[in-house]
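1. Got a predicted structure plus its sequence, pasted below:
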Amino acid sequence: MTDWRIETDDLSGDAIQALLLRHAEGMLENSPPDACHFLDLDGLRHPSITFWSIWDGDALAGCGAVREIDATHGEIKSMRTADDHLGRGVGRVMLRHIVAEARRRGYDRLSLETGSTDGFAAACHLYESEGFVRCEPFDSYLAEDVDTDFSRFYTLTL
């Protein structure tokens with residue numbers, strides 16, 4: 001892990017675009033079609049979003065983002081580990097980076113939406129092991145007709 005580095009990413013590189021395509025495919029493979037809340041490249045380039053990539057030497061190991069809902073509340077978006085780095089702690093390193101950034105920004109809480117099926121079990125375990133607790137839908141999920149049997153919502157008080 002000593003040569004892992006996290007960089008703010010402008011989403012222009014081939015490697016990050018391929019990882020985000022794999023992320024979208026994974027969401028569609030493991031979610032009901034109307035329960036996918038991932039953002040495309042244009043969505044991730046919105047000014048309210050900060051996006052990071054994590055690198056293992058020259059190899060892209062994963063990514064993650066935070067969307068500022070308001071001055072006190074952030075949402076984790078697009079957490080993904082590259083397939084060849086699964087089980088090596090990439091997600092935990094990125095999650096801790098995002099939490100630290102949320103604290104630095106002065107957020108009171110950090111929230112996220114994920115799935116509840118087997119394809120999301122590792123993610124749910126990661127979030128719970130880092131202190132996130134289940135919560136009700138938040139922000140734009142309140143206005144949507146969210147499949148709460150599938151979607152799980154988590155929050156962390158900072």
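-> Everything's here; your move. Predicted model, so just to flag it, every value in this text is computed and none were measured.

2. going forward, measure contacts and count neighbours with C-alpha atoms only.
-> Will do.

3. in which helix or strand would I find Val93?
-> Following DSSP states H and E, one finds Val93 within helix 90-105.

4. Contacts for that helix, please.
-> Counting by C-alpha atoms under 8 Å, 6 or more residues apart in numbering, helix 90-105 makes contact with 6, 54, 61-66, 74, 76, 79-81, 109-110, 126, 158, all of which sit outside it.

5. helix or strand right after it?
-> Downstream of helix 90-105, the next assigned helix or strand under DSSP H and E is strand 109-114.

6. Direction included, what does that next one pair up with?
-> strand 73-81 (parallel), strand 152-157 (antiparallel) (DSSP bridges).

7. Can you tell me the centre-most residue of the protein?
-> Geometric centre of the chain, nearest residue: Met79, 2.9 Å, by C-alpha atoms, centre = their mean.

8. any weak-confidence spans in this structure?
-> 1-2, 27-39, 143-148 (pLDDT under 70).

9. can you give me the helices for it?
-> Remark: helices assigned in the chain by DSSP state H are 14-30, 41-44, 90-105, 121-129, 140-143.
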